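[1] Quick one: sequence plus predicted model below, questions after.
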Amino acid sequence: MNKPTETAPPALALEAVERRFHQADAPPLEVLRRATLTLRAGEIVALVGPSGSGKSTLLQIAGLLERPDAGRVLLAGEDAGGLGDGGRTRLRRRDLGFVYQYHHLLPEFSAEENVVIPQMIAGIGRRAARARARDLLERLGLGPRVKHRPGQLSGGEQQRVAIARALANAPRVLLADEPTGNLDPKTADGVFGELLRLVRDEGLAALIATHNPDLARRMDRVVTLRNGAVVAG
Ligand SMILES: Nc1ncnc2c1ncn2[C@@H]1O[C@H](COP(=O)(O)OP(=O)(O)OP(=O)(O)O)[C@@H](O)[C@H]1O
């Protein structure tokens, strides 16, 4: 196994991240309180905690989709805090892939096109993008389905396409929010296994929020959030 050297910066680091939401007639809601966590290259980490503990908010901030009120987010050692919106978009496109509970695939495009399009947005030529899409979809067992549109695929197949799309641009870090939460338990188990295998094969780091303790146990490490603070991990 390729071990990163001790001096390599973590793939993702959150340092004392705070996020609060203002409320009309009440003190601000403190959603993240000095949340700190580090993902080493290739490490797969479960993010768990009760409903409302701040998991989705933390993933939004780690994914550079929201800014923290305090604290820092570093991707491969690069501090996203000092960047403008353009720089953050560049970093997000280069380093991050996302999988959500609902797949958000483009319904009028085939499975293959759904995986090709984000690559073309990133400047990759159509031929290379198509080869990458085919490879990922085949590795997810979707070889015979690449020309199907999302509406012609099962829920598990749609979520596999969403996984291929997230990995298409070879990100450094995968962020996932209940990636199999919308599937029945048996399908969820299979899709989750595929996700873990592909993430390991590609050597990515991953931070995956889940309510499912069985899925959390299959990851390298578990980080627990309670009331917006990291209490274990
Ligand atoms: N934009 C917002 N404005 C106000 N409050 C918000 C906003 N986004 C999230 N919250 C609040 O922040 C808290 C944490 O929400 P978050 O979605 O991060 O929790 P979670 O751990 O992902 O929950 P779940 O497991 O139910 O998905 C909740 O109390 C939520 O109502």
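    Everything's here; your move.
[2] other SSEs contacting the lengthiest helix in the chain?
    Counting residues, the longest helix found in the chain (DSSP state H) is helix 185-202. With contacts taken as 3 or more Cβ pairs under 8 Å, 6 or more residues apart in numbering; DSSP states H and E, helix 185-202 sits against strand 44-48, helix 126-139, helix 155-167, helix 213-217. Every residue, glycine included, has its C-beta placed from N, CA and C.
[3] Establish whether the next helix or strand after the last one and the ligand are in contact.
    Where DSSP states H and E defines the elements, the next helix or strand beyond helix 213-217 is strand 221-226. No: counting by Cβ under 6 Å from any ligand atom, no contacts exist between strand 221-226 and the ligand, the nearest distance being 6.6 Å.
[4] Which positions in the chain make contact with the ligand?
    21, 29, 31, 49, 51-57.
[5] Which among the residues you listed count as buried?
    When the residues of the chain next to the ligand are checked for burial by 16 or more other Cβ atoms under 10 Å, the buried set is 31, 49, 53-57.
[6] Among the residues you listed, which are located in helices?
    Those of those lying in helices (DSSP H): 55-57.
[7] coming back round to it: could you identify which of the helices and strands packed on helix 185-202 is most buried?
    helix 155-167 (a mean of 24; mean count of other Cβ atoms under 10 Å).
[8] Can you name every helix or strand that that helix contacts?
    strand 96-99, helix 111-121, helix 126-139, strand 173-177, helix 185-202.
[9] Could I get those in TSV, plus columns for distance to Arg90 and mean pLDDT?
    Formatted as TSV, the helices and strands packed on helix 155-167 follow (distance: least, Cβ to Cβ, whole Å; pLDDT from 0 to 100):
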stretch	distance to Arg90	mean pLDDT
strand 96-99	11	95
helix 111-121	12	96
helix 126-139	19	97
strand 173-177	15	97
helix 185-202	21	94
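[10] Pick out the residue nearest the middle of this protein.
    Leu175 (1.5 Å; Cα atoms, centre = their mean).
[11] and that one, what is it in contact with?
    Neighbour list for Leu175: 59, 62-63, 96-99, 206-208 [criterion: Cβ atoms under 8 Å, 6 or more residues apart in numbering].
[12] where's it relative to the ligand, distance?
    12 Å (Cβ to the nearest ligand atom, to the nearest Å).
[13] One more: Arg127?
    40 Å.
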